[in-house]
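J.: Sequence plus the predicted model coming up.
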Amino acid sequence: MEKIAIIGGGNLGSAIARGLVHTKACDPQMIHVTRRRAQLLAPLAGFGVITGSNNLEAVKSAKIVFLAVKPYQMKDLLAEISPAIAGDAVLISLATGIDNKTLLELSGGKNAVFRAMPNTAVAIGQSMTCLASLNATPDQDEKVKALFEQLGTVQFIPEELMAGATVLAACGIAFALRFIRAATQGGIEIGFGSELALKIASQTVKGAAHLLIEGGTHPEAEIDKVTTPRGITISGLNEMEHQGFSSSLIKGLMASYQKIENGSKQQK
Ligand SMILES: NC(=O)C1=CN([C@@H]2O[C@H](COP(=O)(O)OP(=O)(O)OC[C@H]3O[C@@H](n4cnc5c(N)ncnc54)[C@H](OP(=O)(O)O)[C@@H]3O)[C@@H](O)[C@H]2O)C=CC1
Ligand SMILES: O=C(O)[C@@H]1CCC=N1
């Protein structure tokens, strides 16, 4: 089994480590996670994962190196660790807005580089992960895809769509959770206790998603099955649309997307 280094054990880096352990994708002792404040990695150490603050020690002999620091920290990090990374290791960056060409340059040009855009459901093996690679062999593409398949669903996409994937999949977790929270608040106003309202709203969203994923149907086809003529669902749906439900969601997605676009223009 190959050693995996995760440099930057924050929200996403830790979620990946937890996902790899949770899904039994690899032996915890083969995962080495670092951050500067290594004491904050104690929960991961509790799962048997190796933790610390020594990045060079972590990447030594690792064949898969996750780069899970903030985008502005990437340049200094790669200057520090690149000389210690084996030529046949794959680098997987999770940073929003840093393209593969830049990653390849910053890492010295010898490694296969991947941009991966998972979401925080990676911690429970339910991520939607989009991938794009540069300087990788077909075998390396397959290896990284297989790794993420243990943590959810995977799709290679053209790199120019990576900003869109960030919004739809990574930010999308927050957007979907806001829907659940709002539905819960409505449920409380109707008369459910908050825990029960949350349970019903969460399972309902899970069921709706599974109807599409397992049934391969379109949302509107499933909505048609719920909307009785002159019934109560259509009244609720139409009122939501009058209040701008779909429009506000689309505008929110576009606001996030524009922010990434504006940020990448500032970097150029
Ligand atoms: N959260 C999400 O849903 C998603 C985030 N992303 C991307 O993932 C990346 C990480 O985001 P997120 O996990 O939210 O950020 P966090 O701030 O939670 O994690 C970044 C971690 O990097 C550590 N770190 C910083 N510098 C170093 C260094 N030199 N050596 C080792 N560790 C270091 C920090 O810890 P310390 O200060 O202790 O060193 C921190 O724990 C970002 O680039 C973001 O764009 C992508 C998809 C989704
Ligand atoms: O909100 C952010 O900026 C990061 C990128 C995707 C998810 N979290």
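T.: The structure has been received and is ready for your questions. Numbering: from 1, shown residues only. Ligands and ions are numbered 1, 2, ... in the order given.
J.: need the contact list for the closest residue to residue 208 other than its chain neighbours.
T.: The shortest distance from residue 208 to any non-neighbouring residue, by CB to CB, 6 or more residues apart in numbering, is to residue 222 (7.2 Å). In this view, the C-beta of every residue, glycine as well, is placed from N, C-alpha and C. With contact taken as CB atoms under 8 Å, 6 or more residues apart in numbering, residue 222 is in contact with 208, 211-212, 215.
J.: ok, now residue 9?
T.: Contacts for residue 9 were tallied using CB under 8 Å, 6+ apart; they are 17, 33-35, 40-41, 44, 51, 68.
J.: Buried ones among those?
T.: Neighbour-count burial (16 or more other CB atoms under 10 Å) applied to the contacts of residue 9 gives 17, 33-35, 41, 44, 51, 68.
J.: before we move on, back to that, any idea which element the residue nearest to residue 208 lies in?
T.: According to DSSP states H and E, residue 222 maps onto helix 219-226.
J.: Against residue 256, how distant is the residue in the stretch 151-268 of the chain that ligand 2 sits nearest to?
T.: The stretch 151-268 of the chain approaches ligand 2 most closely through residue 170 (3.7 Å), counting by CB to the nearest ligand atom. Look at residue 170 and residue 256: by CB to CB, to the nearest Å, they are 9 Å apart.
J.: Now whichever residue of the chain sits closest to ligand 1, what are its backbone angles?
T.: The nearest approach of the chain to ligand 1 comes at residue 10, 1.8 Å away (CB to the nearest ligand atom). Backbone torsions of residue 10, given as degrees, to the nearest 10, read phi -90, psi -150.
J.: Report how many residues lie close to it.
T.: 15 (other CB atoms under 10 Å).
J.: what domains does the record give for the protein?
T.: 4-157, 165-267 (automatic domain parsing).
J.: for the record, mean pLDDT for the first one?
T.: If I follow you right, that is domain 4-157. Mean pLDDT, domain 4-157: 97.
J.: next one: the last one
T.: Throughout domain 165-267, pLDDT has a mean value of 96.
J.: ok so, going back, correct me if wrong: the residue of the chain closest to ligand 1 contacts residue 67.
T.: No - counting by CB atoms under 8 Å, residue 10 does not reach residue 67; the two are 11.8 Å apart.
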